[in-house]
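# Predicted model and sequence follow; I will ask about them next.
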Amino acid sequence: MNLVGVVLVSLAVANESPSDQVTTRRWGQNAMRVTVTPKGTIPPATDVYLKPPTPYNSKSNIEVQTSGGKFDIIRASDSEKLLSLSSMNSNGAELDVSPSIGRFFGGGCKCGGGYSPIHTNEKGPGAMLNTGDPSFGKHGVKFGVPFGHAYPSPTPGGLGSQCGMMNGMPWIIAISDGQGASFGIFFNNPGWVYGDADPQNGTISVTYTHVNYLDFVIITYAADDSPNNRMNTIASAYADTLGHSPRVPLEVTGYWHSKDSIMSQEEALLTVSGFTERGLHVDVLVLDLGYKECDGCTSFNKRFPDPEGMVSQLKKNGTHVMAHVNVEQNFSMILNGKEFLKQGLITMQHYENGTRILCRSLFNNNIYDNTTCRYDPSIPLARELLWESVNATLVKAGIHMFWLDGNEIIGEDPWETPAANISGPSQAFFSTGTNDAVGTFFPGNHQKTFYEGIQRSKLTSPALTLSRSVTAGSWQYGASWDGDHNCTWDDYLGHIYGALDGQLSGQLLWSYDTGGFFCMMDEETISRDFMFSATTPIMRQHGARDTRIWGPGWSNMSTRAATAAIKLRRELKSYVYTELARASADGIPLQRYLWFDFPTDSKVYDIRDAFMFGREYMVAPVVKQGAESRMVYFPGDSSTTWQHYFTGKIYKASTIANVSCPLDELPLFKRIMT
């Protein structure tokens with residue numbers, strides 16, 4: 001049974017009654033949901049993003065204390081005050097945190113700049129790397145609306161064309177140096193929520209919209225957890241709270257190949273055979289827009305005369321096909337298209353003159369003729385009808401993997417209406433409310449369309465989606481990637497930090513466009529990028545360029561490095577599968593900061609350019625452009641040594657060494673316990 005407590009506390013409430021109602025509910029073994037509402041009001045019935053609380057059978061390690069009108073959350077095992085609610089108004093609140101908290105992590109998103117530490121704006125991405133950064137995490141993190149969306153941003157916090165500062169999950173992890181994670185907090189809101197976690201001032205401030213209450217879940221570790229297991233407990237409970245990632249089948253944990261765009265059936269088959277001839281295997285071939293009969297539909301054009309035969313032939317050789325699906329649908333072309341219009345299963349747009357229209361152009365905001373626009377996935381029938389269309393085309397051809405492109409919140413797609421137009425008189429309407437109030441559900445509901453369809457059609461493995469936008473918890477429906485990137489060294493660095501913080505924030509099947517999307521990376525950058533990509537949850541190359549690693553634009557060195565990276569991934573395929581299975585079951589990221597596994601080693605807290613790759617490996621990617629070697633710190637105690645994957649050289653724990661870094665080798669070290 002969930003114990004529910006209600007208390008009245010006098011807070012510093014601006015222009016409102018000084019008494020607010022605080023409702024506490026146990027949300028699992030060591031988690032508590034806290035909702036603060038104006039006195040006399042009923043707490044919200046909806047759980048918004050939250051899963052039902054997991055069963056528990058022992059005393060919680062979180063307690064509530066009230067004294068003198070103050071509301072405090074206490075960790076029972078050491079009586080430490082984790083949070084105090086200090087002030088609140090109709091659209092925001094401020095929480096005081098324990099003085100023992102020295103750093104905050106989290107707020108990550110699918111974009112390269114998603115880690116968003118405040119000091120990034122001062123020094124620029126990568127400026128503090130390779131030497132250790134004593135301020136890492138100490139300046140706190142900014143977090144944004146509860147999804148990872150994509151839109152252009154000129155700020156240093158946004159790397160690539162579809163990233164921005166305010167796009168992090170509202171999930172913050174509080175760290176005490178030498179002890180590891182203390183607690184995590186997730187802010188639960190159906191509208192926009194953003195804030196700032198500041199360890200220097202000991203506060204977490206949050207602003208929210210379209211509700212008049214504060215709702216969050218706080219998670220801490222179990223009373224008997226050692227420091228080494230504390231973050232595992234918190235990460236697992238976080239996955240229980242918002243949803244676990246799906247299992248990735250073994251046959252698709254290798255290399256994924258994609259291009260904007262493969263334009264014919266012949267090109268698709270020749271591309272895969274080209275890799276095979278070079279001793280390389282393509283686990284997944286991704287078809288972009290080039291296969292389509294029209295924009296906004298999923299039927300094959302004449303350049304793909306036998307899609308079923310093509311898919312079957314590729315499968316016989318162990319290559320599975322994933323196909324691109326627009327978020328906008330051409331209702332004059334797709335199956336049951338007229339039903340969407342007839343039954344009002346599309347989003348409505350409302351403009352200043354009061355005229356309600358159905359659709360608008362992606363590129364110039366002109367009104368379409370009611371044929372190509374977004375459906376409303378908040379309506380179950382709309383999800384069913386869209387899946388029927390996909391089932392009649394892609395599934396019929398034998399395709400069970402779907403690439404969901406451009407599914408940002410309306411107004412957040414960089415090719416659509418600017419973000420400034422999403423509020424006020426220009427508004428999108430869903431069956432459940434306005435875009436401002438419930439729009440954050442759109443990406444997840446779109447993913448849910450395909451997740452439900454896969455279940456309904458009982459598709460055989462592998463069946464998986466890849467989404468460009470992620471709502472909090474929607475990772476339970478599939479994988480994600482971080483949008484279209486440029487080709488600079490900073491973009492490469494952004495891939496590293498986007499991977500670490502994206503996974504730390506729950507997106508455990510995170511990926512990116514290896515090699516850069518808009519252009520060809522230079523020899524050094526693409527070589528380093530490919531080697532790093534071999535350690536990500538999904539290794540996928542994509543770009544509006546020749547992505548054949550032997551094609552025009554590829555040097556001998558970049559081809560050699562890409563070949564080595566693809567072979568490395570193949571060698572580690574079973575290992576990646578096992579660790580991703582653990583991620584699915586327990587919520588533990590494949591790639592994670594060193595403090596996750598070595599919380600009692602004080603040196604690791606300043607290191608942001610090395611990370612654990614599952615339980616057995618550490619990766620120290622090259623982050624200084626032009627470097628032929630780099631300094632590496634090897635964490636652990638006397639029972640641990642580290643062996644270089646390529647050279648076999650042994651390194652003792654708690655030592656620093658200068659490691660040579662050829663372009664076609666990754667500083668990858670296997671952990672050996674004695």
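Yes, it's here. Residues are numbered from 1 along each chain as shown.
# now the helices for this structure?
Secondary structure of the chain (DSSP state H): helices at 120-123, 227-242, 265-277, 307-316, 337-342, 380-390, 435-438, 442-457, 489-504, 523-533, 556-571, 573-586, 594-597.
# For A472, which of the ones you listed is the nearest?
Counting by C-beta to C-beta, A472 lies closest to helix 227-242 out of these; the figure is 6.0 Å. Heads up, the C-betas are built off the backbone N, CA and C, glycines and all.
# pretty sure G439 contacts F430?
Yes: counting by C-beta atoms under 8 Å, G439 touches F430, with 7.3 Å between them.
# When these two are compared, which one has more neighbours?
The neighbour count for G439 versus F430, taken as other C-beta atoms under 10 Å, is higher for G439 (31 against 22).
# any idea how far the more buried one is from V36?
Distance, G439 to V36, by C-beta to C-beta, to the nearest Å: 24 Å.
# what do you get for S555?
Distance of S555 to V36, computed by C-beta to C-beta: 59 Å.
# Settle it for me: which of these two has more neighbours?
Taking other C-beta under 10 Å, S555 and V36 do not tie; V36 has more neighbours (22 against 12).
# what bridges to the more buried one?
Under the criterion DSSP bridges, V36 forms beta bridges with V22, L214.
# show me the contacts for it.
If a contact means C-beta atoms under 8 Å, 6 or more residues apart in numbering, then V36 has L11, D20, Q21, V22, T23, F71, L85, M88, A93, Y213, L214, D215 as its contacts.
# So what's the residue count around the last one?
Spelled out, it's D215. Residues lying near D215 (other C-beta under 10 Å) number 24.
# Same check on the second one?
Other residues near D20 number 25, with proximity taken as other C-beta under 10 Å.
# which residue is nearest the centroid of this protein?
Nearest to the mean C-alpha position of the chain, by C-alpha atoms, centre = their mean, lies Q507 at 3.5 Å.
# for that one, phi and psi?
phi -90, psi 80 (degrees, to the nearest 10).
# quick one: pLDDT of it?
Looking at Q507, its pLDDT stands at 91.
# That one reaches S469, doesn't it?
No: look at Q507 against S469 with C-beta under 8 Å: they stay out of range, at 11.0 Å.
# Report how many residues lie close to the residue nearest to Y492 when sequence neighbours are not counted.
Spatially, and ignoring its direct neighbours in sequence, Y492 is nearest to D529 (4.8 Å; C-beta to C-beta, 6 or more residues apart in numbering). Counted with other C-beta under 10 Å, residues neighbouring D529 total 29.
# residues in contact with D529?
Going by C-beta under 8 Å, 6+ apart, D529 touches Y492, H495, T514, G515, G516, M521.
# Could you count how many residues lie near the first one?
Yep, that's Y492 we're talking about. Y492 has 31 neighbours, counted by other C-beta under 10 Å.
# pretty sure it contacts S527?
No: counting by C-beta under 8 Å, Y492 does not reach S527; the two are 10.0 Å apart.
# so can I have JSON lines of the contacts of V36 showing pLDDT and distance to K458?
Output for the contacts of V36, formatted as JSON lines (pLDDT from 0 to 100; distance: C-beta to C-beta, whole Å):
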{"residue": "L11", "pLDDT": "48", "distance to K458": "52"}
{"residue": "D20", "pLDDT": "71", "distance to K458": "49"}
{"residue": "Q21", "pLDDT": "78", "distance to K458": "47"}
{"residue": "V22", "pLDDT": "81", "distance to K458": "46"}
{"residue": "T23", "pLDDT": "84", "distance to K458": "41"}
{"residue": "F71", "pLDDT": "84", "distance to K458": "49"}
{"residue": "L85", "pLDDT": "86", "distance to K458": "48"}
{"residue": "M88", "pLDDT": "77", "distance to K458": "48"}
{"residue": "A93", "pLDDT": "88", "distance to K458": "46"}
{"residue": "Y213", "pLDDT": "83", "distance to K458": "41"}
{"residue": "L214", "pLDDT": "87", "distance to K458": "42"}
{"residue": "D215", "pLDDT": "89", "distance to K458": "37"}
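# Mind putting those into CSV with distance to F596?
Listed next are the contacts of V36 as CSV, based on distance: C-beta to C-beta, whole Å:
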residue, distance to F596
L11, 35
D20, 36
Q21, 37
V22, 32
T23, 32
F71, 31
L85, 29
M88, 33
A93, 29
Y213, 33
L214, 29
D215, 27
